[in-house]
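In: Would you be able to build a 3D model of this:
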Amino acid sequence: MPMNVFEKIIGNLDLMDRFIIRKVSKHLRLFTDRLSPGFKLVTIRMYESATTVCYDQNATAYSNRPRQFYDKIDICFVEIGDERVEIKNATHDQLAAQDLKIVLGNPKLELEEIEIERCCFWHSERLVEMMKSIPSPIHVECLKVLVNNPLKELEIIGCMRPRVLKTIHLDMENHGDKLERAEMKKRFDAMIATPQCQNVEMMTVVTYLKMEEFPMGSFLLAPRFTLNFEYLSVKDVMNVFRNLPKFAALDHFILKSDQKLNLESIRRNLNQRFSAIPDRPDCMHYWDRKSPFSFEVRFGELEIHVVKQQV
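Out: Numbers count the residues shown, from 1 in each chain. This is a model prediction of the structure:
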């Protein structure tokens, strides 16, 4: 059969059939793995006893049968749609990692988004090891990670292709154990120094820590970032603006709160340092004479945008 015809046939197969085809021979495995997949979104949920991986809207579920006292081996069920396969001597996280390595290691893969929505404490290490074992950086535009300490978000970000990666979204709401501020700062310092974070259009960090518990100093060298807190007091906002000239690499910064900001009080306090912009009541302007840059600040009910401008 001509290879161009075979390529069209494989292009119309679902993921399970592709996994079956690649087991026929070494030649078919190499050929199948080089074909461009037809999906743009990968979503990973890895729990203690089950893993689900969605390719666009097509879910692959991996689950282990509860071991009985007489069981000598692990049995894993893999389900795609109505198909169910039983695999012996395997665990759900192991099989999921093997299949993800095949998919994410495809040299023609060009994803729009990877979402790691949940990752169990016990299996996060396997997920990170799998991504690090892929020979080339993963081609993806947007990375979303729900951080479940000690998920190694820094190492995951390092597996993405710089300059292709446009946005990073880290959700820290699921921290089981609070990290010490010094340890958090160390991790953020290392993360922000990566080429991925230095080149993204926006890096977003969602945290339920209080402002005083959060290592704001780590973001002094971050060019574009959003910090989303559960609550921000007027004092919190003023502390950020008081240190605004220290953000040496700042290009665009968004400060967000899940609860409405006290904009009237914030603007009243900012009047000492900031000037109003005519015909733009939702904006203010700040310029430090010692700095070659000025900042435009735009206010919303739940967020404040700060954009650096050349004087």
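In: before we move on, which element is the closest residue to Glu303 other than its chain neighbours in?
Out: The shortest distance from Glu303 to any non-neighbouring residue, by CB to CB, 6 or more residues apart in numbering, is to Lys256 (4.3 Å). The C-beta positions use only the backbone N, C-alpha and C, and glycine is treated the same way. Secondary structure assignment for Lys256, by DSSP states H and E: strand 252-257.
In: and that strand, how far out from the chain's middle?
Out: Relative to its chain's centre, strand 252-257 lies at 18 Å (CA atoms, centre = their mean, to the nearest Å).
In: Who are the packing partners of it?
Out: Contacting strand 252-257 under the criterion 3 or more CB pairs under 8 Å, 6 or more residues apart in numbering; DSSP states H and E are the following elements: strand 224-229, strand 303-310.
In: Compute the inter-axis angle for the longest one and strand 252-257.
Out: What that stands for is strand 303-310. Note on geometry: by axes from the mean of the first three to the mean of the last three CA atoms, to 10 degrees, strand 303-310 and strand 252-257 are set 160 degrees apart in direction.
In: Could you pull out the buried residues of the strand holding Lys256?
Out: By neighbour count, and taking 16 or more other CB atoms under 10 Å as the criterion, the buried residues in strand 252-257 are Phe253, Ile254, Leu255, Lys256, Ser257.
In: Settle this for me: the second one is touching Val306, isn't it.
Out: Yes - Ile254 is within contact range of Val306, at 7.5 Å (criterion: CB atoms under 8 Å).
In: how many other residues sit next to the spatially closest residue to Gly105 that is not a sequence neighbour?
Out: Spatial nearest neighbour of Gly105, chain neighbours left out: Ile134 (4.5 Å); criterion: CB to CB, 6+ apart. For Ile134, the number of neighbouring residues by other CB atoms under 10 Å comes to 17.
In: same deal with Arg163?
Out: The burial count for Arg163: 9, using other CB under 10 Å.
In: doesn't it fall inside a strand?
Out: No - for Arg163, which was evaluated using DSSP: H, G, I helix; E, B strand; the rest coil, the result is coil, with no strand membership.
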